[in-house]
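> Attaching a predicted model along with its sequence, questions to come.
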Amino acid sequence: MLERWMMNDGKEIEVHEEFRILSSEVISRTAFGSSFKEGQHIFGMLNELMIISDRNTFKMSLPIISDLFKTKDEKDAVSLDQRIADSIKEMVKSREAKVKNREAAGFGKDYLGLLLKAYHDEGQSNKISIEQLVDECKTLYVAGQETTNTLLSWMILLLSIHQDWQEEARKEVLTVFGHDKPPYADGITRLKLVSILFCL
């Protein structure tokens, strides 16, 4: 993404859209690991569902008439919701089959793997249903993606307006990580100025 931005030197970049793409990729990899492509497909369907929902936010529906006559958007939303659930359930079946056939030692350490462990848990206190598993996957996408986009876009805006802070943040990052080291968890906790910027 950054390399693509550098090629657009001097041109305007729609950062919110760029961060939407980036965050969807990160969430897909985090949530579904090796099933990343399928995760992105689910994310696309969830995005369509959110667009339909936004479009109909202020439309009023009458109880009996709405049950008898569904609008195109309502039919599309029901269809998308079902396809999303089916896709997640298909990934669940695929992971379960790999474990059953001993192709994998466990369900994995990604988000879907953790949910599958809870789904197959022997104890009733930690066990979740397949519907809860599907809902958890959808929630991670919708909540995670929107908040991440908004936070990153807002930070970029603030740093572009206050370039003196941008320079100080850059110095701090280079001091902690150097010029050629990728960020690591312990180093991130040492970024005091950057942490303050995230809280603004």
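In hand now; what should we look at? Numbers count the residues shown, from 1 in each chain.
> What are the boundaries of the helices in the chain?
2-7, 15-32, 36-55, 63-68, 72-100, 111-119, 130-161, 163-177, 185-189, 192-199 (DSSP state H).
> Dump the ones you listed to TSV, plus mean pLDDT.
What follows is the helices of the chain, written out as TSV (pLDDT from 0 to 100):
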stretch	mean pLDDT
helix 2-7	87
helix 15-32	84
helix 36-55	82
helix 63-68	66
helix 72-100	90
helix 111-119	90
helix 130-161	87
helix 163-177	91
helix 185-189	87
helix 192-199	78
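> Save those helices as JSON lines, and put in mean neighbour count too.
In short, each C-beta sits where N, CA and C put it, glycine included. Formatted as JSON lines, the helices of the chain follow (neighbours: other Cβ atoms under 10 Å):
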{"stretch": "helix 2-7", "mean neighbour count": "8"}
{"stretch": "helix 15-32", "mean neighbour count": "18"}
{"stretch": "helix 36-55", "mean neighbour count": "16"}
{"stretch": "helix 63-68", "mean neighbour count": "8"}
{"stretch": "helix 72-100", "mean neighbour count": "15"}
{"stretch": "helix 111-119", "mean neighbour count": "19"}
{"stretch": "helix 130-161", "mean neighbour count": "15"}
{"stretch": "helix 163-177", "mean neighbour count": "14"}
{"stretch": "helix 185-189", "mean neighbour count": "10"}
{"stretch": "helix 192-199", "mean neighbour count": "12"}
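> Check whether residue 32 really touches residue 113, as I assumed.
No: with contact defined as Cβ atoms under 8 Å, residue 32 does not count as touching residue 113 (9.2 Å).
> So for those two, which residues contact both of them?
Shared contacts of residue 32 and residue 113 (Cβ atoms under 8 Å, 6 or more residues apart in numbering): none.
> Please report phi then psi for residue 101.
For residue 101, the backbone dihedrals (degrees, to the nearest 10) come out as phi -90, psi 10.
> list the contacts for it?
Residue 101 touches nothing, counting by Cβ under 8 Å, 6+ apart.
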